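>>> Please work out how this folds:
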Amino acid sequence: QVQLVESGGGLVQAGDSLRLSCAAAGRTFSNYALGWFRQAPGKEREFVAAIASYSSLGTRYADSVKGRFTISRDNAKTTVYLQMNSLKPEDTGVYYCAARSAVQSGRLASDYDHWGQGTQVTVSS
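I've put the predicted structure just below:
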């Protein structure tokens, strides 16, 4: 079992930046691929970005955030980050960190076994 706790959300204006963090505790962090998902009110949870168990093995991004968001991880600190630049109002939602016991990441919520409680990101126009 791995426990995930997100932080770093907040209220920002369009064009601003935020960095989300997700601290993990429990099993060996480097055994897990990690992902970020988000959910806007009235919408389904959607994939944002993901990273393999080691950074060198690759990252994935949703088309809507490619070039603006960067996912990274620090296995020594057991933390995954989501750097979000050039934020848009449509980026508003609750952002969730997720983990799966695998080398490679996935794009589906069903690919992940463990979830954090979420952190709210609100981007005003």
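
>>> which non-adjacent residue is nearest the most centrally placed residue in the chain?
The centre of the chain sits closest to residue 36, judged by C-alpha atoms, centre = their mean, with a distance of 2.3 Å. The shortest distance from residue 36 to any non-neighbouring residue, by C-beta to C-beta, 6 or more residues apart in numbering, is to residue 48 (4.3 Å). Where you see a C-beta, it was placed from the backbone N, CA and C, and this is true even at glycine.

>>> what's around the one you found, how many residues?
By other C-beta atoms under 10 Å, 24 other residues sit near residue 48.

>>> State the helix or strand in which it lies.
strand 46-51 (DSSP states H and E).

>>> Now do the same contact list for the residue nearest to the centre of the chain.
Residues near residue 36 by C-beta atoms under 8 Å, 6 or more residues apart in numbering: 20, 22, 48, 49, 50, 71, 80, 82, 95, 96, 97, 98.

>>> Include distance to residue 124, pLDDT and secondary structure when you put those residues into TSV, please.
Formatted as TSV, those follow (distance: C-beta to C-beta, whole Å; pLDDT from 0 to 100; DSSP: H, G, I helix; E, B strand; the rest coil):
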residue	distance to residue 124	pLDDT	secondary structure
20	18	98	strand
22	24	98	strand
48	20	98	strand
49	23	98	strand
50	27	98	strand
71	24	98	strand
80	26	97	strand
82	19	98	strand
95	16	98	strand
96	21	98	strand
97	24	98	strand
98	27	98	strand
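
>>> Closest one to residue 117 out of those, please.
Closest approach to residue 117 among those (C-beta to C-beta): residue 96, at 8.0 Å.
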